[in-house]
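Chemist: can't give you the sequence, but here's the structure:
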């Protein structure tokens, strides 16, 4: 997967002219830009860390404010699912980054009130949605669906928390 | 993760997305007869978004010399639609189908315009879908990973 640097060019011989025109009609992402690189952080580490932090914050707030647990716990579960899915892909593509994934999570503070916890979480998943939406357009094909699913889920939870 | 696929599969994914958008437009029309008045505006907004993406897909296919399939005259609903809750449940299915179809497009193209539209479509399925899930009594109100099955 990581060796395919120019997907469109590599695939061109198998395409009909019409299909090729269709696929190249818009601005095409550079093949290299979206692939996992062998050096530096994996581009999924940032969304993974954000998801893990949101999951921890939502779970901590649900414990601190039981009256708001029904609103906060589903968000904690969703963000935990995002973190798990992203970590699985990072481990697959970049076994050398497992140290980052296995490092202890940062400590989580608890906001002074349930309302503030909900507001903070809403802001955070909103930011996660924006970041993932951007990454889903530029990342490699095989990751674009996962990242877009995370963006969509965050968008949904941001609205639910605002409702 | 999905392995890279050739362009004909990308085209197939786009055709499938068009089919899902056609179906969603139809479902919005059917549901409008059953949903409470408070849902009328969100439903109208959702229907408009589906029509806009449908039209964009048709234009895209036709500009590429590809045939854009028309909508079916009617669609078979998974369950009978008889009231607000069952209408909302149908919309949940329609929105989930749209998210699945667009996720498949995202995984088969590097085209920024298509990717951007796909992310917007998947996002809308969640930002609109929670309302239908709530009306239908489905939890969680947002799927953990919209578009995955």
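Modeler: Nice, I can see it. What you see is a predicted model; the values in this text were computed from it and never measured.

Chemist: going forward, measure contacts and count neighbours with C-alpha atoms only.
Modeler: Will do.

Chemist: Now for residue A:55: which residues touch it?
Modeler: Residue A:55 makes contact with A:75, A:76, A:77, A:78, A:79, A:80 under the criterion Cα atoms under 8 Å, 6 or more residues apart in numbering or on different chains.

Chemist: With distance to chain B added, can I get these in JSON lines?
Modeler: Converted to JSON lines, the contacts of residue A:55 look like this (distance: Cα to the nearest Cα, whole Å):
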{"residue": "A:75", "distance to chain B": "9"}
{"residue": "A:76", "distance to chain B": "10"}
{"residue": "A:77", "distance to chain B": "8"}
{"residue": "A:78", "distance to chain B": "5"}
{"residue": "A:79", "distance to chain B": "8"}
{"residue": "A:80", "distance to chain B": "9"}
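
Chemist: Export those residues to JSON lines and append columns for pLDDT, secondary structure and neighbour count.
Modeler: As requested, the contacts of residue A:55 are exported to JSON lines (pLDDT from 0 to 100; DSSP: H, G, I helix; E, B strand; the rest coil; neighbours: other Cα atoms under 10 Å in any protein chain shown):
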{"residue": "A:75", "pLDDT": "98", "secondary structure": "helix", "neighbour count": "31"}
{"residue": "A:76", "pLDDT": "98", "secondary structure": "helix", "neighbour count": "25"}
{"residue": "A:77", "pLDDT": "98", "secondary structure": "helix", "neighbour count": "18"}
{"residue": "A:78", "pLDDT": "98", "secondary structure": "helix", "neighbour count": "23"}
{"residue": "A:79", "pLDDT": "98", "secondary structure": "helix", "neighbour count": "28"}
{"residue": "A:80", "pLDDT": "98", "secondary structure": "helix", "neighbour count": "22"}
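
Chemist: Let me know the closest of those to residue B:101.
Modeler: residue A:78 (21.4 Å; Cα to Cα).

Chemist: ok, that closest one touching residue B:144?
Modeler: Yes: using Cα atoms under 8 Å, residue A:78 makes contact with residue B:144 at a distance of 4.9 Å.

Chemist: Can you check which residues contact both of the two?
Modeler: residue A:153.

Chemist: one step back: can you name the two of the contacts of residue A:55 that sit furthest apart?
Modeler: Once Cα to Cα is applied, those give A:75 and A:80 as the farthest pair, at 8.4 Å.

Chemist: Work out the gap between stretch B:114-130 and the centre of the chain.
Modeler: 8 Å (Cα atoms, centre = their mean, to the nearest Å).

Chemist: Can you report how many residues lie near residue A:41?
Modeler: By other Cα atoms under 10 Å in any protein chain shown, 15 other residues sit near residue A:41.

Chemist: Assign it to helix, strand or coil.
Modeler: Under DSSP: H, G, I helix; E, B strand; the rest coil, residue A:41 falls in the coil class.

Chemist: Phi and psi next, for it.
Modeler: Backbone torsions for residue A:41, taken as degrees, to the nearest 10, come to phi -70, psi 150.

Chemist: Counting by contacts, list what whichever strand or helix holds residue A:100 packs against.
Modeler: Assigned by DSSP states H and E, residue A:100 belongs to helix A:98-102. If contacts are counted by 3 or more Cα pairs under 8 Å, 6 or more residues apart in numbering or on different chains; DSSP states H and E, helix A:98-102 sits against no helix or strand.

Chemist: What are the contacting residues of the next helix or strand after it?
Modeler: Going down the chain from helix A:98-102, the next helix or strand is helix A:114-138, by DSSP H and E. Residues from elsewhere that reach helix A:114-138, judged by Cα under 8 Å, 6+ apart: A:29, A:33-34, A:47, A:50-51, A:54, A:57-58, A:61, A:65, A:68, A:72, A:110-111, A:143-145, A:147-148, A:150-155, A:157-158, A:161-162, B:110, B:112, B:115-116, B:119.

Chemist: average model confidence for helix A:114-138?
Modeler: Computed over helix A:114-138, the mean pLDDT rounds to 97.

Chemist: can you list contacts of the helix or strand that contains residue B:47?
Modeler: Secondary structure from DSSP H and E places residue B:47 in helix B:40-63. Outside helix B:40-63, the residues that touch it by Cα under 8 Å, 6+ apart are A:22, B:14, B:18, B:21-22, B:24-25, B:28-29, B:32, B:67-68, B:117, B:121, B:124, B:128.
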